[in-house]
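# Here is a sequence with its predicted model. Questions after.
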Amino acid sequence: MYRIVKKEVLAPTLNLIEIHAPLVARKALAGQFVILRIHDEGERIPVTIADFDRKKGTITCVFQEVGRTTKELATFTEGECLKDFVGPLGVPSHIENYGRVACVGGGVGVAPVHPIARALKEAGNEVISIIGARNKDLIFWEDRMGAASSELRVTTDDGSYLRKGFVTDLLKELIEEEGIDFCLAIGPLPMMRAVCDLTKNYGIKTVVSLNPLMVDGTGMCGCCRVTVGGETKFACVDGPEFDGHQVDFAEMARRSVIYKHQEKVSLDLYEEKGTRHHHQCRCGGEE
Amino acid sequence: MAAENTKKAIIPKKNPMPAQDPVIRAGNFNEVALGYSEEAVVAEAERCIQCKNAPCRQGCPVDIDIPAFIKKVAERDFAGGAQKLKETNALPAVCGRVCPQESQCEKYCTLGKKYEPVGIGRIERYLADWELATGVKIPQTAAPTGKKVAIVGSGPAGLTCAADLAKLGHQVTIFEALHIAGGVLMYGIPEFRLPKSVVQAEIDNLKKLGVDIQVNAIVGKFSTIDELMESGYDAVFLGTGAGLPNFMRIPGENACGVYSANEFLTRSNLMQAYRFPETDTPIFAGKRVAVLGGGNVAMDAARTALRLGAEESWIVYRRSRVELPARIEEVEHAEEEGVKFQFLTNPTRILYNDDYWVTGMECLRYELGEPDASGRRSPVPVKGSEFILEVDTVVVAIGTGLNPLISKTTPDLAVNKRGNITADLETGATSKPGVYAGGDVVTGSATVILAMGAGRAAAKSINNYLLSNNKFLSGSLLEVREASQVRVNEAMSK
Ligand SMILES: Cc1cc2nc3c(=O)[nH]c(=O)nc-3n(C[C@H](O)[C@H](O)[C@H](O)COP(=O)(O)OP(=O)(O)OC[C@H]3O[C@@H](n4cnc5c(N)ncnc54)[C@H](O)[C@@H]3O)c2cc1C
Ligand SMILES: Cc1cc2nc3c(=O)[nH]c(=O)nc-3n(C[C@H](O)[C@H](O)[C@H](O)COP(=O)(O)OP(=O)(O)OC[C@H]3O[C@@H](n4cnc5c(N)ncnc54)[C@H](O)[C@@H]3O)c2cc1C
Ligand code: FES
């Protein structure tokens, strides 16, 4: 069992959990993810590693409540345990000194950008981070992102905080005024796609972290396949990061809603009947 | 009585296996074959003529003393029969259900020359189930040797290797990537053919032997082989299987509604999607499903599709009926349940609508040409024979390859051109000292019993390695460890 040692509500429907999982923490690197299950009947859901502490043996994840599993996970409190937690999965981010880089995070995507920005800065890059959300309430980790970057710029779609507009607006300014050598973008699919459309015009190498549906996360099922540069890749073992200019975003968008109907059935049932399990699976101090 | 002395009349046919009615069972996931009654199993055992040369044994990859356990059953000594069986087979309840008996033991049965062979698999299953129901005796383990062995992968190869090593007194830990142990037995083979409770019972027995099972542990990710050895494991067995799905590489293969058999079966079995929304993992099985392939995996997928509510389930196979690699019993069961076959047919592309959902599959007809190198007549396409099979789901079951996770992170482990780990088939020894391998990871997709045989052979040589070479080894291992520690320190100080 994997105990939640810290739980924080970062914004409406946005939660942080820190999980005790020493074997994962020992090896975790920026860009990797874990797969967790909350109880015996649960689905395996992938979540990016937003931070890790090798000494404490913990992994930090930030997740957005979208469906049944993430909504139920949000009801877990400190001291409660997840049923399964496996990782670190995926290929770690490729870190090198590019010069001046832009790290773009949209919505919950800010969390996975964080350790990569930090690693890029440690590798000697000038890291200009751009984070954005729909409104002020949904902005989180300004402090952490500030510390992980050389410079931080913030935007909200509705202008309720700092600059009004999209992350791509800020990115365009940055490119035109100062120029960048490399771009990393993580966030909702349409955002990543917009960033890639933009940087392509300027010929700036851009990496995105894809989040297709997954089951095993070890290359066994092929559920996570995405088309990159005309070739089929498994995001869980070949990725999750890919050259954004090569990704077939349209295919990905369609594949990610395959279970839209079933997911609604499941969510409705949950909202009607409430949680089933986790209150019985408290494991107290036991590991 | 005089009858005592006269030779018993031979009963030409096997005692029939009671099974769920095909119409009913195609709508549920309960086991199809129900198992013999006590009367039937004894009657079947009495069919065995106990011939001296016992050719059945030669057909068994692990050389089970078949006549001996059958004799015990004929005498109604089930405990004795189970005992005999267990001498060579650690998972009889599994083998009795899924071994391809018609191409192994039963193929060579003397009775089978003129009549139906003895139902060896069915008797085996009865004994194993009898033992599970009456309580399994946990064998005595040898005194602790102080040696630690890491087993990677908990399929039949890993489970068998672990059981043998634990009995010999070694401390065994199994590392399994998924959240449940059992390998293909748990995630691939469906409940209706191999109830998960049967596999679970076998795994629980293993735990009682003192084997530690760590699930959610992907070797190559949380720890490499070298790191396992550095952390104190004296030997490692790799039983990681062949789990990487092949696709056809035809247009439309990533459309919504196209699954690998692994994904389809994993969702249904491991994640229990057939109980959705009682469980959380969804699955989509449309009204008309096409399964590509002709092996056990394809049969399992086609039958699963029916149980998930498909109205039509097709097997699309490149060769003809006689070449179907699946077990005969499974093909028969599939047909009884309503699975339909398109033989000598191969898809050329998958058709989809504007929303990227599958609407059909374009296929080409084939005819059998000259035999190829393997002796099988290879299929040749018939020009202009394209036709469209209207389906909304496609399941690709055309075999699996090797997951490169371990070989990528273990540079000194030799692999062959196909990515399989190179290991001696007799001993399981790999190119890396102290590291053994067996099962599908070495042979490519094969069978449960072959994987078990490989696990057993490796256990034997690991035991020899740990004991006889003791002194020399601990010395040389120490050097290896020191050398790699130096490497680690160097890497860290950079
Ligand atoms: C490598 C990887 C890393 C991820 N990291 C994070 C993270 O750090 N934080 C976070 O909040 N989420 C992350 N996700 C997405 C997360 O896995 C999904 O939000 C989660 O599986 C939804 O489960 P659910 O049961 O709550 O919702 P469901 O009922 O499964 O789905 C609800 C809605 O979410 C969409 N959805 C489902 N799964 C995904 C998915 N994998 N990606 C995008 N949309 C999805 C569905 O189309 C549906 O509209 C990541 C996904 C991947 C593949
Ligand atoms: C659907 C299906 C039906 C079949 N039907 C039959 C049948 O009827 N009769 C028959 O004889 N055979 C059948 N087979 C074949 C048989 O199941 C396999 O040959 C057998 O399971 C191989 O055993 P194994 O121990 O080598 O590997 P597997 O059973 O594949 O087990 C390997 C295990 O290792 C784990 N693993 C992989 N990599 C790692 C890692 N890096 N770290 C930790 N763990 C890891 C995997 O998750 C898996 O649990 C079938 C196979 C399938 C897929
Ligand atoms: S999630 Fe199964 S192969 Fe990637």
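Now that the structure is in, tell me what you want to look at. Ligands and ions are numbered 1, 2, ... in the order given.
# Quick one: the helices in the stretch 151-300 of chain B, in order.
Across the stretch 151-300 of chain B, reading from the start of the chain, the helices by DSSP state H, counting those that start in this stretch fall at B:156-167, B:184-187, B:196-208, B:225-230, B:261-268, B:296-307.
# does any bit of the last one sit next to ligand 2?
Right, the one you point to is helix B:296-307. Yes. Remark: helix B:296-307 sits within contact range of ligand 2 at B:296, B:297, B:300, by Cβ under 6 Å from any ligand atom. All C-beta atoms are positioned from the backbone trio N, CA, C, and that covers glycine.
# Could you count how many residues lie near residue B:316?
A total of 26 residues lie near residue B:316 under the criterion other Cβ atoms under 10 Å in any protein chain shown.
# That one: what's it in contact with?
Taking Cβ atoms under 8 Å, 6 or more residues apart in numbering or on different chains as the definition of contact, the neighbours of residue B:316 are B:290, B:291, B:292, B:293, B:342, B:345, B:346, B:347, B:361, B:363, B:389.
# go again using 6 Å as the cut-off
For residue B:316, the contact set (Cβ atoms under 6 Å, 6 or more residues apart in numbering or on different chains) comprises B:290, B:292, B:342, B:345.
# Tell me the backbone dihedrals of the third one, please.
The phi and psi torsions at residue B:342 (degrees, to the nearest 10) take the values phi -110, psi 100.
# Quick check: the residue of chain A nearest ligand 1.
Checking chain A residue by residue against ligand 1 with Cβ to the nearest ligand atom singles out residue A:67 as nearest, at 2.1 Å.
# Looks like that residue contacts residue A:265 (just checking).
No. Residue A:67 is beyond contact range of residue A:265, at 10.7 Å (criterion: Cβ atoms under 6 Å).
# Name the residue in the two with the higher neighbour count.
A count of neighbours by other Cβ under 10 Å puts residue A:67 above the other of residue A:67 and residue A:265, at 18 against 14.
# residues touching the more buried one, list them.
A:263, A:267.
# I'd like to know how far it sits from residue B:179.
The gap separating residue A:67 from residue B:179 is 20 Å, by Cβ to Cβ, to the nearest Å.
# for the helices of the stretch 151-300 of chain B, which one sits closest to residue B:427?
Residue B:427 lies closest, by Cβ to Cβ, to one member of the helices of the stretch 151-300 of chain B: helix B:156-167, at 12.3 Å.
# Give me the buried positions along that closest one.
By neighbour count, and taking 16 or more other Cβ atoms under 10 Å in any protein chain shown as the criterion, the buried residues in helix B:156-167 are B:156, B:157, B:158, B:159, B:160, B:161, B:162, B:163, B:164, B:165, B:166, B:167.
# Those also near ligand 2: which ones?
Within the set of these, contact with ligand 2 (Cβ under 6 Å from any ligand atom) is found for B:156, B:157, B:158.
# Adding pLDDT and distance to residue A:39, write these out as CSV.
Conversion of those to CSV gives the following (pLDDT from 0 to 100; distance: Cβ to Cβ, whole Å):
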residue, pLDDT, distance to residue A:39
B:156, 96, 28
B:157, 96, 30
B:158, 97, 26
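# closest to ligand 1 among those?
Proximity to ligand 1 was ranked across those by Cβ to the nearest ligand atom; first place goes to residue B:158, at 27.7 Å.
# is it true that the closest one touches residue B:241?
No. With contact defined as Cβ under 6 Å, residue B:158 and residue B:241 do not form a contacting pair (8.8 Å).
# pretty sure residue B:457 is in a strand, no?
No. The assignment for residue B:457 by DSSP: H, G, I helix; E, B strand; the rest coil gives helix, which leaves it out of any strand.
# For it, which non-adjacent residue is spatially closest?
Across the structure, with Cβ to Cβ, 6 or more residues apart in numbering or on different chains as the measure, the residue nearest residue B:457 apart from its sequence neighbours is residue B:428 (5.6 Å).
# Which among the helices of the stretch 151-300 of chain B is found nearest to chain A?
Distances from chain A to each of the helices of the stretch 151-300 of chain B were compared using Cβ to the nearest Cβ; the minimum, 3.8 Å, belongs to helix B:261-268.
# Does the closest one reach ligand 1?
No. Contact of helix B:261-268 with ligand 1 is not found when judged by Cβ under 6 Å from any ligand atom; the minimum separation is 12.9 Å.
# How about residues contacting that helix?
Contacts of helix B:261-268 with the rest of the structure, by Cβ under 6 Å, 6+ apart, involve A:215, A:220-223, B:187-188, B:245, B:273-274, B:281, B:283, B:297, B:301, B:304, B:395, B:397.
# swap the cut-off to 7 Å and go again
Counting by Cβ atoms under 7 Å, 6 or more residues apart in numbering or on different chains, helix B:261-268 makes contact with A:215-216, A:220-223, B:187-188, B:190, B:243, B:245, B:273-274, B:281, B:283, B:297-298, B:300-301, B:304, B:395-397, B:400, all of which sit outside it.
# Note down every partner strand of the helix or strand of chain A with the lowest mean pLDDT and its orientation.
The least trusted helix or strand in chain A, going by mean pLDDT, DSSP states H and E, turns out to be strand A:163-164, with a mean of 77. Using DSSP bridges, the neighbouring strands of strand A:163-164 in the sheet come out as strand A:151-156 (parallel).
# tell me how far the partner strand is from the chain's mean position?
Centre-to-centre, strand A:151-156 and its host chain are 18 Å apart (Cα atoms, centre = their mean, to the nearest Å).
# can you give me the strands in the stretch 1-150 of chain A?
A:2-11, A:14-20, A:33-37, A:45-48, A:51-53, A:58-64, A:81-82, A:84-89, A:100-106, A:126-133 (DSSP state E, counting those that start in this stretch).
# ok, and what's touching the least confident helix or strand of chain A?
Looking at what lies outside strand A:163-164 - Cβ under 7 Å, 6+ apart - the contacts are A:154, A:155, A:156, A:158, A:170.
# circling back: closest one of the contacts of residue B:316 to ligand 3?
Closest to ligand 3 out of the contacts of residue B:316 is residue B:292 (18.3 Å), distances taken as Cβ to the nearest ligand atom.
# ok, the closest one - how many residues close by?
Residues contacting residue B:292 under the criterion other Cβ under 10 Å number 27.
# Could you identify the buried members of the contacts of helix B:261-268?
Buried members of the contacts of helix B:261-268, scored by 16+ other Cβ under 10 Å, are A:215-216, A:220-223, B:187-188, B:190, B:243, B:245, B:273-274, B:281, B:283, B:297-298, B:300-301, B:304, B:395-397, B:400.
# that older thread, would you format the strands of the stretch 1-150 of chain A as TSV with mean neighbour count, mean pLDDT and distance to residue B:102 included?
As requested, the strands of the stretch 1-150 of chain A are exported to TSV (neighbours: other Cβ atoms under 10 Å in any protein chain shown; pLDDT from 0 to 100; distance: least, Cβ to Cβ, whole Å):
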stretch	mean neighbour count	mean pLDDT	distance to residue B:102
strand A:2-11	17	94	46
strand A:14-20	22	96	50
strand A:33-37	25	97	39
strand A:45-48	24	96	42
strand A:51-53	19	95	53
strand A:58-64	23	96	50
strand A:81-82	22	94	45
strand A:84-89	24	96	39
strand A:100-106	26	95	58
strand A:126-133	26	94	63
